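*Asks:* I need the structure of the sequence given here:
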Amino acid sequence: MSLFHSSKSFLLVLLSGLFFFIASCGNDGFVPKPRGYLRIDLPEKNYRTFDSTFPYRFEYPVYANIAFDKFTQEEDFWMNLDFTRFKGKIHLSYKDLKEAKLSKLTEDSRTMVYKHAPKATGIRESLIDHSDRKIFGMAYSIEGSEAASPFQFYVTDSTNHFLRGALYFDAVPNNDSLQPVIDFLINDIDRFIATLHWKN
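*Replies:* Reported below is the predicted structural model:
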C-alpha cells in the first residue's frame with residue numbers, strides 16, 4: 001500500500017470521526033419533562049342532611065363541616081361549608097326577598113362572578129331550573145389557572161328566598177393542580193342544589 005493511499009484513508013477516517021463528533025454535539029439528549037402535580041386522594045362520596053332553623057335544607061358531604069366566620073355571623077342564615085382537607089370553602093349567603101330586591105341580588109351575583117374575568121380564560125354560564133322545587137338560578141364555571149373562585153352559583157324561588165354560593169381555596173390560585181379537587185367539589189355543589197328545599 002502506498003503512502004498516498006494510507007494518508008488518504010487516515011484523512012477519511014479522521015474527517016468521518018470529526019463529522020460524527022460535531023453532529024453529536026448539537027443534541028445533548030435532554031428533553032424537559034412536563035410539570036407534575038402531587039396525587040390527591042379523594043374521599044368516598046357520602047352525604048348527610050342539614051336541617052335546622054334555617055329557611056332551607058340540603059345535603060352536604062360528610063367530609064365537610066358547617067362553619068361560621070366574621071362575615072357569616074353578621075347575617076342571618078349565612079354559613080360556610082368547610083373542606084379542611086382541601087383548604088377549600090363554599091361560602092353560602094342567604095337573603096329574604098321580602099327585604100331585598102331580586103333583580104339587584106342577581107345583578108350583584110353576576111358582578112361578583114365577572115370580577116374574576118381579568119384572571120379567567122373563560123366563564124361558562126349554566127341555567128339552573130328545578131321547577132318542581134321552585135329552584136331557579138345560574139351556575140358560573142370560572143376557567144383559568146389564576147381565578148380566585150373557580151365556581152359560583154345562585155338559586156331562588158323568585159318570591160321569598162335567594163341563596164348564593166361561591167367556592168374558594170385558602171391557597172395561591174393554581175387551578176391546574178387543583179382541578180381534580182375543583183371537579184370533585186363541583187359534584188358536591190350539584191348534590192347540594194339537587195337536594196335543596198326551601199322552607200315556608
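*Asks:* hey, let's count contacts and neighbours off CA atoms from now on
*Replies:* Noted.
*Asks:* and the helix or strand encompassing Ser16, average pLDDT?
*Replies:* Using DSSP states H and E, Ser16 maps to helix 3-25. Averaging pLDDT along helix 3-25 gives 63.
*Asks:* same question for stretch 137-157.
*Replies:* Mean predicted lDDT for stretch 137-157 stands at 94.
*Asks:* so where's this structure uncertain?
*Replies:* The model of the chain has pLDDT under 70 over residues 1-15, 17-40, 172-175.
*Asks:* do a quick rundown of the helices in it.
*Replies:* 3-25, 102-114, 175-195 (DSSP state H).
*Asks:* I'd assumed Ile128 was in contact with Tyr140.
*Replies:* No: counting by CA atoms under 8 Å, Ile128 is not a contact partner of Tyr140; they are 10.4 Å apart.
*Asks:* residues contacting the closest residue to His161 other than its chain neighbours?
*Replies:* Excluding its sequence neighbours, the residue lying closest to His161 (CA to CA, 6 or more residues apart in numbering) is Asp96, at 5.2 Å. Neighbouring residues of Asp96 by CA atoms under 8 Å, 6 or more residues apart in numbering: Asn160, His161, Phe162.
*Asks:* ok, how many other residues are close to Leu102?
*Replies:* Per other CA atoms under 10 Å, the neighbour tally for Leu102 reads 20.
*Asks:* does it touch Ser158 like I think?
*Replies:* Yes: using CA under 8 Å, Leu102 is in contact with Ser158, at 7.0 Å.
*Asks:* and the end-to-end length of stretch 140-157?
*Replies:* 18 Å (CA to CA, to the nearest Å).
*Asks:* so how far is that stretch from its chain's centroid?
*Replies:* 8 Å (CA atoms, centre = their mean, to the nearest Å).
*Asks:* how far away is the residue nearest to Leu97 when sequence neighbours are not counted from Arg57?
*Replies:* Counting by CA to CA, 6+ apart, Asn160 is the residue found nearest to Leu97 once chain neighbours are left out, at 4.7 Å. Going from Asn160 to Arg57 by CA to CA gives 15 Å.
*Asks:* Pro180 too?
*Replies:* For Pro180, the distance to Arg57 equals 27 Å [CA to CA].
*Asks:* do I have it right that Thr84 meets Ala64?
*Replies:* Yes: with contact defined as CA under 8 Å, Thr84 reaches Ala64; the gap is 7.3 Å.
*Asks:* of the two, which one has the most company?
*Replies:* Ala64 (20 against 13).
*Asks:* tally of neighbours for the closest residue to that one other than its chain neighbours?
*Replies:* In space, and not counting its chain neighbours, Ala64 is closest to Phe83: 4.9 Å by CA to CA, 6+ apart. Residue neighbour count, defined by other CA under 10 Å, stands at 18 for Phe83.
*Asks:* next one: Phe83 relative to Glu125, how far apart?
*Replies:* Distance from Phe83 to Glu125, counting by CA to CA: 24 Å.
*Asks:* now do Ala117
*Replies:* According to CA to CA, Ala117 stands 13 Å off from Glu125.
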